[in-house]
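*Asks:* curious how this folds, go ahead:
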Amino acid sequence: AFATLGIQSEPLMATLTERVLEDGFVATFNAQDVANVAWALGKLGVRDLRVLEALADHALKADLLASCKAQELGNILWGYAKVGACHRPLMEAVAEEMLRG
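*Replies:* This next block holds a predicted model:
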């Protein structure tokens, strides 16, 4: 909601990103969760490479991309691109998934 409204709160973002990084938390994410967090980081311009790495690793290990809708794949790509982050294995996997259609 904060991202949609464009409201930035550094203390809130720090707390949320730390929560994502807590042991086992990101492992509970489904495809939509990964897409939403990537999109929100991009929308707010939060370039936390630790969180982006955790999202990418989880999406790849849990094979979440196969269950992503086209919008979710787009949101993942957009979020990473918006903050200038490139996780090559994730980008390649998203491209493959998009080609499968």
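
*Asks:* in the protein, which spans are helices?
*Replies:* Under the criterion DSSP state H, helices of the chain are mapped to 2-5, 10-21, 31-44, 49-61, 70-82, 88-100.

*Asks:* buried ones in the fifth one?
*Replies:* Residues of helix 70-82 classed as buried: 72-73, 75-77, 79-80, 82 (neighbour count, 16 or more other C-beta atoms under 10 Å). (C-beta placed from N, C-alpha, C; glycine too.)

*Asks:* residue contacts, residue 3?
*Replies:* 39-40, 43-44 (C-beta atoms under 8 Å, 6 or more residues apart in numbering).

*Asks:* also residue 83?
*Replies:* Listed by C-beta under 8 Å, 6+ apart, the contact set of residue 83 reads 41-42, 45-47, 52.

*Asks:* try 7 Å this time
*Replies:* Residues near residue 83 by C-beta atoms under 7 Å, 6 or more residues apart in numbering: 41-42, 45-47.

*Asks:* and which of these is nearest residue 11?
*Replies:* residue 46 (12.6 Å; C-beta to C-beta).

*Asks:* nearest spatial neighbour of the closest one, skipping sequence neighbours?
*Replies:* Leaving aside its sequence neighbours, residue 46 sits nearest to residue 13 (C-beta to C-beta, 6 or more residues apart in numbering; 5.4 Å).

*Asks:* ditto for residue 54
*Replies:* residue 26 (4.8 Å).

*Asks:* show me the contacts for that neighbour.
*Replies:* Residue 26 is in contact with 20, 54-55, 58, counting by C-beta under 7 Å, 6+ apart.

*Asks:* touching, residue 76 and residue 94? I think so.
*Replies:* Yes: between residue 76 and residue 94 there is a contact under C-beta atoms under 7 Å: 6.2 Å.

*Asks:* ok so, going back, and the furthest pair within the contacts of residue 83?
*Replies:* Greatest spatial distance among the contacts of residue 83 (C-beta to C-beta): 42 and 47, at 9.1 Å.

*Asks:* sounds good, over and out.
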